[in-house]
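Chemist: From the sequence below, what's the structure:
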Amino acid sequence: MKIGPQAQRSSAISASNAETIVVRGRDLCGELVGSISFTDHMWLLITGQLPGAAQRRVLDATLVAIAEHGLVPSVAASRMTLAAAPEALQGAVAAGILGCGSVILGSAESAARLFAGIVARMPTESPDAAARALLGELRAARRPVPGYGHPLHKRSDPRVARLLSVATESGVAGKHMEVAGMVERLVPDIWGKPLAMNVSAAIAAVLLDAGYPLLAVKGVPILARTASLIAHLTEEQQRPIGFILADSGASAIEYDGQRPDGFEPGEG
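Modeler: Below is the predicted model of the structure:
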């Protein structure tokens, strides 16, 4: 049974025969392996074109900026999974990636959609009016403004200034970066408090200005965090803390359910 339209049964990403592997129309071994970076290859795979020098630098900067973030829930889940199933590195990586959603890592995509929506309205509305309209819709729906605010970097996220500088130095700064800054200025009026731009909004703005596809923005933090997960899992095999993380989590939670007479929960 078919679900949805399936008029075209084809893919333009890769093909092979007994002698040659082709990726996006290029000979993998003859043109790509040993000749381009992984960042180049990622851009090629997604867009079908090799990036320019500025695009490569911006994409590379975003990957480096978001890869590592300490023992966040996705990392803890990954390390605890490996502790329970040490033979399943791939399962532990998957456990961490499955924890990448609207709160952790996914806000870059949401911010990109917000910026793209504002830019799309600018031909017929002033930038300020377009931004206020979309931010007002978020506020009315009681949804957070994606890419703004951080529990630790309340005044400024140090990664933001660096990413914006890289994009500016590379000559790709454009409308999306302008919109990102404008949103930061408007947030106090609409939300009643200042919220500093965080790394997710910066990633969204610089990637869109560099010509990176909106539909693939979420993949950047996912790919970057995969590298970090592999690092944590390598360390987990050498200096395991997965069960310590699990025990610490259990110890932090009190039981407040019903209990038989005389029963007291044990520690640990």
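
Chemist: helices or strands up against the longest helix along the chain?
Modeler: Identified as the longest helix of the chain according to DSSP state H is helix 219-238. Helix 219-238 makes packing contacts with helix 53-66, helix 73-84, helix 89-97, helix 199-209 when contacts are defined by 3 or more CB pairs under 8 Å, 6 or more residues apart in numbering; DSSP states H and E. C-beta here means a position set from N, CA and C on the backbone, and glycine is covered the same way.

Chemist: Buried ones in it, by neighbour count?
Modeler: Val220, Pro221, Ile222, Leu223, Ala224, Arg225, Thr226, Ser228, Leu229, His232, Leu233, Glu236 (16 or more other CB atoms under 10 Å).

Chemist: Make TSV from the residues you listed and add pLDDT to it.
Modeler: What follows is these, written out as TSV (pLDDT from 0 to 100):
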residue	pLDDT
Val220	97
Pro221	95
Ile222	95
Leu223	96
Ala224	96
Arg225	94
Thr226	96
Ser228	96
Leu229	97
His232	97
Leu233	97
Glu236	97
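
Chemist: Val23 is nearest to which of the helices and strands packed on helix 219-238?
Modeler: helix 53-66 (17.1 Å; CB to CB).

Chemist: what is the orientation angle of the closest one with helix 219-238?
Modeler: Angle, helix 53-66 to helix 219-238, by axes from the mean of the first three to the mean of the last three CA atoms, to 10 degrees: 40 degrees.

Chemist: sorry, back to before: any idea which of the buried residues of helix 219-238 is closest to Leu208?
Modeler: Compare each of these with Leu208 using CB to CB and the shortest gap goes to Val220, at 11.3 Å.

Chemist: Distance-wise, check that closest one relative to Thr39.
Modeler: Relative to Thr39, Val220 is positioned 10 Å away (CB to CB, to the nearest Å).

Chemist: shared neighbours, the two?
Modeler: Common neighbours of Val220 and Thr39 are listed as Leu59, Leu63 (criterion: CB atoms under 8 Å, 6 or more residues apart in numbering).

Chemist: what comes into contact with the worst-scoring helix or strand of the chain on mean pLDDT?
Modeler: Using mean pLDDT, DSSP states H and E, helix 242-251 stands out as the lowest-scoring helix or strand of the chain, at a mean of 91. The contact list for helix 242-251, computed with CB under 8 Å, 6+ apart, reads Leu71, Ala76, Arg79, Met80, Thr81, Leu82, Ala83, Ala84, Glu236, Glu267, Gly268.
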